[in-house]
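> Got a sequence here, can you model it:
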Amino acid sequence: MTSLFSSMRLLRSSGVPPLRARLFEQSSERTTGCSRASCHTKSFSTTSSAKYQRSTPRSTVSPSTLPPSRGVQGNSALKPPLTKHTTLYDSDLDATIVIHPDTVSIVSPSNCIHRPFHFDHVWLRDACTEQGASLQLGSGQKVFHTSDVPIPQYGFGLLDANATPRLVDAPNGRSLELTFEMSHGVLNAFSATFAAPAAPPILPNTPHISRIPIALLLDHASPQRYAASHFDIGAVASSWEGADLTAFPSSSPPLSSSEVKSSRFDQQAATSRPARVDWTTLNPHNAVNDFAVDQVNAHRALAEALMRDGLAFVTGLPIDTTGSQPRADGDSCSLARLAETLGEIRHTFYGPLWDVRSLGSGSRNIAYTNVDLGFHMDLCYFQNPPRFQFLHMLKCKVRGGESIFVDAYKVAEYMWQHHRELWQVLAEVPVGFHYNNDGYHYRYTHPTFEVAGPTSGHWGPAESTDAERMPRLIAVNYSPPFQSPLPLTTPRMQSPAERRKFYEALKTFADLTHDPKFKYERMLGDGECVIFDNRRVLHSRKGFEWDEKEEEEGGQVKRWLKGCYVDGDAIWSKYRVLVAQAGASARSAASTQ
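Below is the predicted model:
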């Protein structure tokens, strides 16, 4: 996150407006250049909602207010700055780089950088990717803090005036080689303070050389490139109505675990909405060289569908292994094996995996009955509810029980367009959720619409250049079965009139979720697994016909699902790795032609 914050500060201090917030729609200008009008040189307007407006003034810090830094407390501690500018040009990346006394600027029209974007020397030294001097060998983690880099006074820099910057080929691609003055060496302040007396850290006795990838500079100078490389998750998402998703036929009965073989990747099914990927393509234990590419493509399509729609299906998942504990020997139940191909299973008080079976009057959760289960999200009483939920149908021998899904982001967009005042109420009024049962007591408060914060997250800021666009949501929180009494001490809930407005807003949202145009309905068949974004997609289940006494006497479960959770960070990580692998493969193929 440090690099994100640093980048945003640099953008603001240079007069560049914040990035477009709502990255739901992919645009060519984000990845393939842009027209002059769409670049960061244009003016910026925030959303019309006063609640989410914030100013971004230019930095006005004067030199006298800068704190003194080790080795650079006054002009006498500095050598004269560079007296001439050095200009470098890389034709492949269309980058013109100019070395100034205290900054390095870059211009690249094909990357929407039409005016010089300046990088200060502190940022450049902090962004160094050199193994050993800046990054620990092996782990690749920084060996110093940003605060350890000397801060020069205005007009002075950290570069060695006697060394000429140049463009070089490096392991990380075409790079800018910079030499930093030895007297401005970086020393880890923690180590200097707490190291053993017998082995104190010492400043380097040679100038430090950084080879900074030009692509890294372009990524941080261009809002479009930064969005593509850092706000990747939000850039993929696309909200949907029921009509945007198509019905698909029931799959064949699943094979047993021992019979599953590898199969070819069905790209058409995997790129449909909703995406469907067969387990025989994903199964890691049956992958052979001939199917390795298919397996990677299948995982990428599945991960991308979860980013885009928050909903995807895996078919043909064996139902003959039903244990509830992942096993290190690889003989776990099929659901665990599927989940672990995308990320680490998240343990909750339900365990790593859990069963949804009708337990009748003995149930401690309404999901374990046969009655209608309305729209909700799981574990809203957690501070950080699980992002992705997996539900694998092991047996369905009942009448009814169809699953219904609604994209809550789409409902929120509708409210923003048609009931904006009520939308804002749901974004501001906290709602309490709790679970107090069976020796557990969880409780947490969330707004119904959780808006992106201005200084955190990996999806970019909440503002939009389009005043009519909805501020970006990072989650929706809605779970009526676990909603606690509404808190009345909050600013917008203290008077009856304010509460009435909230009731109206919540009812409007609830009524919209029941509108048929927003729903996608499917009867899960044996061996089907649905995966959905639990912070975005509402899920529900129709009631079904079930005789509790008959099941108890016959000893046969009529309806049985197994479920688990995987955190968003794990699947987002998997998605990024797969995208990077695809890019590397494409570049390798192009180089051999």
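> what's the first-to-last distance across stretch 323-342?
With Cα to Cα, to the nearest Å as the measure, stretch 323-342 spans 19 Å from end to end.
> Kindly report the same for stretch 142-149.
The first and final residues of stretch 142-149 sit 13 Å from each other (Cα to Cα).
> That one: which residues count as buried?
Residues of stretch 142-149 classed as buried: 142-144, 146, 148-149 (neighbour count, 16 or more other Cβ atoms under 10 Å). The way it works is simple: take the backbone N, C-alpha and C, and place the C-beta from them, glycine included.
> State the mean pLDDT of stretch 306-324.
With pLDDT averaged residue by residue, stretch 306-324 scores 90.
> If you could redo that for stretch 541-549, that was the one I meant.
Stretch 541-549 comes out at a mean pLDDT of 70.
> buried ones in whichever strand or helix holds residue 579?
Secondary structure assignment for residue 579, by DSSP states H and E: helix 568-592. Counting neighbours by 16+ other Cβ under 10 Å, one finds that the buried residues in helix 568-592 are 568, 570-572, 574-575, 578.
> right, and out of the buried residues of stretch 142-149, which lies closest to residue 172?
residue 142 (15.5 Å; Cβ to Cβ).
> give me every residue that touches that closest one.
For residue 142, the contact set (Cβ atoms under 8 Å, 6 or more residues apart in numbering) comprises 134-136.
> Please report how far it lies from residue 130.
Using Cβ to Cβ, to the nearest Å, residue 142 is found at 11 Å from residue 130.
> Point out where the stretch 101-250 of the chain drops to low pLDDT.
Within the stretch 101-250 of the chain, the segments meeting pLDDT under 70 span 232, 234-235.
> Helices of that one, start to end?
121-126, 189-194, 214-221, 223-230, 232-236 (DSSP state H, counting those that start in this stretch).
> mind giving me a markdown table with the ones you listed and columns for distance to residue 316 and mean neighbour count?
Conversion of these to a markdown table gives the following (distance: least, Cβ to Cβ, whole Å; neighbours: other Cβ atoms under 10 Å):
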| stretch | distance to residue 316 | mean neighbour count |
| --- | --- | --- |
| helix 121-126 | 49 | 21 |
| helix 189-194 | 53 | 12 |
| helix 214-221 | 40 | 22 |
| helix 223-230 | 35 | 21 |
| helix 232-236 | 26 | 19 |
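> Relative to residue 351, which of those is closest?
Among those, helix 232-236 comes nearest to residue 351, with 28.1 Å by Cβ to Cβ.
> following that closest one, which helix or strand shows up next?
Moving toward the C-terminus from helix 232-236, the next helix or strand (DSSP H and E) is helix 267-270.
> From the contact counts, what lies against whichever helix or strand comes after that following helix?
Using DSSP H and E, the next helix or strand after helix 267-270 towards the C-terminus is strand 275-278. Contacts defined by 3 or more Cβ pairs under 8 Å, 6 or more residues apart in numbering; DSSP states H and E place strand 275-278 against helix 267-270, helix 292-308, strand 311-315.
> can you give me the offset of the helix or strand just after strand 275-278 from its chain's centre?
Counting by DSSP H and E, the next helix or strand C-terminal to strand 275-278 is helix 279-282. The chain centroid and the centroid of helix 279-282 are separated by 25 Å, computed with Cα atoms, centre = their mean, to the nearest Å.
> And stretch 209-228, by the same measure?
Centre-to-centre, stretch 209-228 and its host chain are 20 Å apart (Cα atoms, centre = their mean).
> With stretch 481-495 instead?
On Cα atoms, centre = their mean, the centre of stretch 481-495 falls 30 Å from that of its chain.
> and that stretch, average pLDDT?
Mean per-residue pLDDT for stretch 481-495: 92.
> how many neighbours does the nearest residue to residue 533 once chain neighbours are set aside have?
Computed as Cβ to Cβ, 6 or more residues apart in numbering, the closest residue to residue 533 that is not its neighbour in sequence is residue 310, at 3.3 Å. Using other Cβ atoms under 10 Å, residue 310 has 25 neighbouring residues.
> you'd agree residue 310 is up against residue 539?
No: here residue 310 does not reach residue 539: they are 10.6 Å apart, not a contact under Cβ atoms under 8 Å.
> re earlier: closest one to residue 403 among the helices and strands packed on strand 275-278?
The closest of the helices and strands packed on strand 275-278 to residue 403 is strand 311-315. By Cβ to Cβ, the value is 10.5 Å.
> Could you list the buried residues of stretch 247-258?
Quick answer for stretch 247-258 (16+ other Cβ under 10 Å): 251, 254-255, 257.
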